[in-house]
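1. Quick one: sequence and predicted model below, then my questions.
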Amino acid sequence: MNITESLKIAVKCIKSNWMRSLLTMLGIIIGISSVIMIIGAGTGVRDYIVGLIEDMGSNAVLVSVDTTSATDNDYITLDDVENIKNKVNGVERCSPMLMGFGRATIDKTATEATAMLIGVNSDVQFALTNSCEYGRFFTDEEYNANAPIAVIGTNSAQQAFGYEDVTNEYVTVSSSGKSMKIKICGVANVDALANSLGGSSSMSNMFTSAGGDKTIIALFMPCTTLTQITGADAQLGSVFVIAKDGYDYDAVGNATVNYLKSAHGNYSNSMYTAQNMATYVDIVNIIMSVLTAFIACVGAISLIVGGIGVMNIMLVSVTERTREIGIRKSLGAKTKVITMQFLTESVILCLIGGLIGVSIGIAGAFAACSIIHIKPNITWWLILVALLFSSGVGLFFGIYPARKAAQMSPIDALRSE
């Protein structure tokens, strides 16, 4: 008997007892589907979080002031930004990060929104993973001229205008009794950076509960322009520092902190802190990988339970087909042929369960991720490993029933009722 005959017999036996076969496969289906769903959705969440961090500037160091205990003298100034860029060893670029809030009126539609205003300079674009999706960033000349110009976030543009390419559109921003007509010069993926600085979730809840707009848009504009709109002094709570090629980011961050301590005469260990954004990518990768692997291993326990169920049913099948085995052996069937027949049936049973489980797992991953608007990451190697693993379960748990069938005495088997 060749492998083709074994496959035909296995499929015929499974079809003849399809309900029992389906119930037997249930453990395999649950195990494979849960592993696929957990790994696919977990990897998708990890990629989403890592993407947010990279969009925030994974190649930059965020130097911040402890605003809970800082005095006016401790805050970073625009002069500090220039000195950091020109005097601190290893620094190539430095951008201020000044936060403000106001009301935004979309000139084209006359709709209103809450504006999250972030004052920066043109160096901030080099801290972002991607450049502008549409248009451009403002230049140093526009920064120095206090130009009424801004870059809007991609999601913000979609929410406020209904489409993304809103370059050369105008938004009137009002704050502290002053207003200014702002021209949008570019659209970039800066919403994640704005969220991290302003805490969009908490801010959104605050404005909504206060009866404000549900739509919050992020506008990155020259820091000098922002101070004109808000009328506030340029007291910076944080700056983005980008190191030169070949320089260690942690060392550059520490050097920037030391400069600020010296410039402001505050040598407190906790007043100024430097955070290398790239380290967050590694941390998220490690945490999510460990959690996903742990949960997937818990889900894989059901595969073992399913494998035991397969072995149990195969033993029942051997008992039911004792006379068939006896006839085959009396006609000259060798031990390895009988073994191959029952192993094939066990593997096919688990492989079918694996295919069903993969389909359910993929659908479950997409369904779970659609709730939080994240794309799951399901690769071909994951599907292949799942199918190979399910086949391996069938092979492992089918060995004992197959050997029991093959080692039967043909005389005793023919005597069986």
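-> Arrived safely. Residues are numbered from 1 along each chain as shown.
2. What segments of the stretch 101-250 of the chain are strands?
-> Secondary structure of the stretch 101-250 of the chain by DSSP state E, counting those that start in this stretch: the strands cover 112-120, 134-135, 149-153, 170-175, 178-188, 216-222, 238-243.
3. Any idea which of those strands gets closest to G90?
-> G90 lies closest to strand 238-243 among the strands of the stretch 101-250 of the chain, at 5.3 Å (Cβ to Cβ). For glycine as for every other residue, the C-beta is placed from the backbone atoms N, C-alpha and C.
4. contacting residues around that closest one?
-> With contact meaning Cβ atoms under 8 Å, 6 or more residues apart in numbering, strand 238-243 is reached by 57, 59-65, 76, 80-81, 84, 88, 90-97, 120, 123-124, 126-127, 197, 249, 252-253, 256, 274.
5. Out of those residues, which end up buried?
-> Using 16 or more other Cβ atoms under 10 Å as the burial test, those include 57, 59-65, 76, 80-81, 84, 88, 90-91, 93-97, 120, 123-124, 126-127, 197, 249, 252-253, 256, 274 as buried.
6. mind listing which of those are in strands?
-> Residues of those located in strands (DSSP state E): 61-65, 91, 93-97, 120, 274.
7. Number of residues surrounding N254?
-> Residues lying near N254 (other Cβ atoms under 10 Å) number 15.
8. So it sits against A274, correct?
-> Yes: N254 is in contact with A274 according to Cβ atoms under 8 Å; the separation is 6.1 Å.
9. Could you pick out the longest helix of this structure?
-> For the chain, the longest helix by residue count, based on DSSP state H, is helix 277-320.
10. helices or strands next to it in the packing?
-> Packed against helix 277-320 by the contact rule (3 or more Cβ pairs under 8 Å, 6 or more residues apart in numbering; DSSP states H and E) you find helix 18-57, helix 335-371, helix 380-406.
11. now the first one against helix 380-406, angle please.
-> Computed with axes from the mean of the first three to the mean of the last three Cα atoms, to 10 degrees, the direction of helix 18-57 lies at 150 degrees from that of helix 380-406.
12. And helix 18-57, what does it pack against?
-> Packing partners of helix 18-57 (3+ Cβ pairs under 8 Å, 6+ apart): helix 191-198, helix 277-320, helix 335-371, helix 380-406.
13. contacting residues for E142?
-> Neighbouring residues of E142 by Cβ under 8 Å, 6+ apart: S122, I149, P222.
14. Relative to E82, how far out is the second one?
-> Distance check for I149 against E82: by Cβ to Cβ, to the nearest Å, it reads 21 Å.
15. Buried residues in stretch 223-234, which are they?
-> C223, T224, T225, L226, T227, I229, T230, A234.
16. low-scoring stretches of the stretch 201-350 of the chain, by residue?
-> 201-214, 277-281, 321, 333 (pLDDT under 70).
17. 90 instead, please
-> Within the stretch 201-350 of the chain, the stretches with pLDDT under 90 are 201-218, 224, 227-240, 242-253, 264-271, 273-350.
18. which two in the ones in strands among the buried ones among the contacts of strand 238-243 are spaced the farthest apart?
-> Pairwise distances across these (Cβ to Cβ) peak at 19.5 Å, for the pair V65 and R93.
19. coming back round to it: now the helices and strands packed on helix 277-320 in a markdown table, with distance to E142?
-> Output for those, formatted as a markdown table (distance: least, Cβ to Cβ, whole Å):
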| stretch | distance to E142 |
| --- | --- |
| helix 18-57 | 21 |
| helix 335-371 | 40 |
| helix 380-406 | 48 |
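20. Give me the pLDDT for K87.
-> With respect to pLDDT, K87 scores 89.
21. can you count the residues close to it?
-> K87 has 12 neighbours, counted by other Cβ under 10 Å.
22. Can I get the buried residues of stretch 223-234 in TSV including distance to A70?
-> Formatted as TSV, those follow (distance: Cβ to Cβ, whole Å):
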residue	distance to A70
C223	18
T224	22
T225	24
L226	20
T227	19
I229	23
T230	19
A234	15
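23. in the sheet, who's paired with K178?
-> S175 (DSSP bridges).
24. Give the burial count for it, as a bare number.
-> Around K178 there are 12 residues (other Cβ under 10 Å).
25. for I295, what are its contacts?
-> By Cβ under 8 Å, 6+ apart, the residues touching I295 are I38, G42.
26. hmm, 6 Å instead?
-> I38 (Cβ atoms under 6 Å, 6 or more residues apart in numbering).
27. swap in D165?
-> By Cβ under 6 Å, 6+ apart, the contact list for D165 reads Y134.
28. hmm, try it at 10 Å
-> Under the criterion of Cβ atoms under 10 Å, 6 or more residues apart in numbering, the contact list for D165 reads E133, Y134, G135, T154, A157, I184, V187.
29. most neighbours, which of the residues you listed?
-> When neighbours are counted by other Cβ under 10 Å, V187 leads the contacts of D165 with 26 neighbours.
30. Can you check the pLDDT for the residue lying closest to it once chain neighbours are set aside?
-> Nearest residue to V187, sequence neighbours excluded (Cβ to Cβ, 6 or more residues apart in numbering): Y134, at 4.3 Å. pLDDT recorded at Y134 is 90.
31. follow-up on the earlier one: reformat the ones in strands among the buried ones among the contacts of strand 238-243 into JSON lines and put distance to W18 next to each item.
-> Formatted as JSON lines, those follow (distance: Cβ to Cβ, whole Å):
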{"residue": "V61", "distance to W18": "63"}
{"residue": "L62", "distance to W18": "61"}
{"residue": "V63", "distance to W18": "66"}
{"residue": "S64", "distance to W18": "64"}
{"residue": "V65", "distance to W18": "69"}
{"residue": "V91", "distance to W18": "70"}
{"residue": "R93", "distance to W18": "67"}
{"residue": "C94", "distance to W18": "69"}
{"residue": "S95", "distance to W18": "66"}
{"residue": "P96", "distance to W18": "69"}
{"residue": "M97", "distance to W18": "64"}
{"residue": "V120", "distance to W18": "65"}
{"residue": "A274", "distance to W18": "65"}
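32. and which of those is nearest T139?
-> Here the nearest of those to T139, counting by Cβ to Cβ, is V120; it sits at 12.7 Å.
33. list the contacts for the closest one?
-> Contact partners of V120, counting by Cβ under 10 Å, 6+ apart, are 95-98, 127, 137-138, 143, 151, 190, 193, 220-223, 226, 239-240.
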